[in-house]
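Engineer: Pasting the sequence and the predicted model now:
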Amino acid sequence: MTRPAMMRRTLLAGPALLLSVGAAAQQRLQIPLRWYVVQIAENVCTVELPGIPDHRIVNDRSARGTPFVLHSYSLEAGGYSYAVQTALYPVDVDTTQPRRVLQAALDARAQNLESGKWTKVDWREIKAGAAVDSMGTLSAGRGLRQVALLKERRFISLAFLGGIAGMTGVEAERFFTSLKLA
């Protein structure tokens, strides 16, 4: 190749190269999420969330018809969904067998799972009461992880939705381990 031809080729390729570098520079920056400590209803607990959640109060009833209030906090951030729920069960709910109460909560939530069953259920006793950590598959390769606990008549549930791989990832672990009971 002659020197003038080589110079023409370099001059023609230069702007295309600059355009591709400029295009790469215009990609969205990944801004890290800012996590906040959120106080959950009536100072029941605190939990860290990557943003300020939406708080809803839901009027519910026990199986025997006694009204009670469920506090629900939800947030979508960074491609994941986070939810925290708590309720103080009325006296007509038998909480003397915490595992049975938590199993009922698991069974109700499992109806949303692809197979109708949890793929992992890990029961444990914590100083506050009984707890269960469960994971399951939703449609389209998404997963649900839920940690629920019962301390006397107080029910607390943390749920994390996202890709299957994210169920044990950094964001999920930060969310679940941030729970501090009052």
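Structural biologist: Received the coordinates, thanks.
Engineer: For the rest of this, base every contact and every neighbour count on C-alpha atoms.
Structural biologist: Noted.
Engineer: Identify the residue spatially nearest to residue 134, adjacent ones excluded.
Structural biologist: What sits nearest to residue 134 in space, not counting adjacent residues and going by C-alpha to C-alpha, 6 or more residues apart in numbering, is residue 121, at 4.4 Å.
Engineer: cool, residue 179 as well?
Structural biologist: Per C-alpha to C-alpha, 6+ apart, closest to residue 179 is residue 47, 4.6 Å.
Engineer: where does the one you found land on pLDDT?
Structural biologist: Reported pLDDT at residue 47 in the predicted model: 97.
Engineer: Number of residues surrounding it?
Structural biologist: By other C-alpha atoms under 10 Å, the residues close to residue 47 number 20.
Engineer: Residue 77: what's it in contact with?
Structural biologist: By C-alpha atoms under 8 Å, 6 or more residues apart in numbering, the contact set of residue 77 is 33, 50, 51.
Engineer: Now the buried members of the residues you listed.
Structural biologist: By neighbour count, with 16 or more other C-alpha atoms under 10 Å, the contacts of residue 77 hold 50, 51 as buried.
Engineer: Tell me the spacing between residue 116 and residue 133.
Structural biologist: 17 Å (C-alpha to C-alpha, to the nearest Å).
Engineer: and those two? which has more neighbours close in?
Structural biologist: Neighbours were counted for residue 116 and for residue 133 using other C-alpha under 10 Å; residue 133 has more, 19 against 15.
Engineer: quick one, what contacts that one?
Structural biologist: For residue 133, the contact set (C-alpha under 8 Å, 6+ apart) comprises 120, 121, 122, 123, 145, 146, 147, 148.
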